[in-house]
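In: build me a structure from this.
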Amino acid sequence: MTDRYLTTVLDEAERVAEHHEQVSQSSDNPNHEYLRYAVLRLLEEEADETSVEIPQIDGLTVGYGKDKAMYESWDDDVEWWETVPPQAECTRFRMFYPDKHEAVPRVIVDVMAALGAWRVWTGSAAACGSYDHRERREVHYLWPEGQPVEEVLHERLSGPAEAVAPDGGRTGDVRDRLVVDENTQSQDDLEPRTARAVAEAMDVSLLSKGGRYEVQSASGNRYEVDVVDESCTCPDWQQRSPEGGCKHLRRVDHEIKQGRVPRPDGRLPTTSG
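Out: Residues are numbered from 1 along each chain as shown. Purely as a prediction, here's the structure:
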């Protein structure tokens, strides 16, 4: 489970780096900031998507800051800081959770273990001066800058440049997969669910560039398919998200590959370059 949580943290950190670049602007170590912000988003249920199920805890909040700076904001007579001397190059995560939990919630333990942090204190939040959290418990983790996981994130963020696909996307992504080629499968070779989707009466049309299509079923219902996000507005996708896509996503995929509708970038399949 720890490895799966590590992948989840890294995936979320990549999204943070892409969509929340300002997170790292006040730091000399962007990867450290991206990773710790990703942890906060995961544990507070703010992440856009996750590769594994993250158990959620009502009333869980996360605070963090430079360990030395947090230490210096308190008087010297706060004894609980003495359990672990302040570490200048560490982040101190402070996790607050309802006091009904007899032990530190497992999801906190697993996520912080995946990150390479170590637990340094746990107890009543009121005992360490957190008046606003006096009916909750608190656990502290230290996580130093320069953990190997930061190097892994750096490699993921600065990997080799990807070639541009014919439709304007990047090679290997879903838009590249949908480019029409000479090796498109015949209908007899299709996976059974895809074959059924291809055989069913549906009308497919491009709604807008960027991979948004409209599918009208035989019953007259209309659904919007996004081939880049791999999503559909139909009940089957909304309720089950079947592996390989719903029949509408499969049908759009097939129509693009067969050259019957424009490509995701809006160009006709026969258009070169």
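In: residue 248 contacts residue 232, doesn't it?
Out: Yes: under the criterion of CB atoms under 8 Å, residue 248 makes contact with residue 232 at 4.9 Å. The way it works is simple: take the backbone N, C-alpha and C, and place the C-beta from them, glycine included.
In: who touches the closest residue to residue 64 other than its chain neighbours in this structure?
Out: What sits nearest to residue 64 in space, not counting adjacent residues and going by CB to CB, 6 or more residues apart in numbering, is residue 93, at 4.9 Å. For residue 93, the contacting residues are 36, 39, 62, 63, 64, 112, 117, 140, 141, 142, 143, by CB atoms under 8 Å, 6 or more residues apart in numbering.
In: give me the common contacts of residue 248 and residue 232.
Out: Contacts common to residue 248 and residue 232, judged by CB under 8 Å, 6+ apart, are 215, 223, 225.
In: list of residues touching stretch 7-17?
Out: Residues from elsewhere that reach stretch 7-17 (CB under 8 Å, 6+ apart): 23-24, 30-31, 34-35, 37-39, 41-42, 47-48, 50-52, 54, 111, 114-115, 149, 152-153, 156-157.
In: quick check: residue 9 vs residue 231, distance?
Out: Using CB to CB, to the nearest Å, one gets 24 Å for the distance from residue 9 to residue 231.
In: scratch that, residue 139 is what I was asking about
Out: Counting by CB to CB, the gap from residue 139 to residue 231 is 37 Å.
In: filter the contacts of residue 93 to the buried ones?
Out: 36, 39, 62, 64, 112, 117, 140, 141, 142, 143 (16 or more other CB atoms under 10 Å).
In: and the fourth one, helix, strand or coil?
Out: By that I understand residue 64. What DSSP: H, G, I helix; E, B strand; the rest coil gives for residue 64 is strand.
In: show me what contacts it?
Out: Applying CB under 8 Å, 6+ apart to residue 64 gives the contacts 36, 40, 91, 92, 93, 94.
In: from these, which land in helices?
Out: Residues from those lying in helices, with DSSP state H as the criterion: 36, 40.
In: leaving out the residues flanking it, which one is nearest to residue 245?
Out: Excluding the flanking residues, the one nearest residue 245 by CB to CB, 6+ apart is residue 230, at 6.4 Å.
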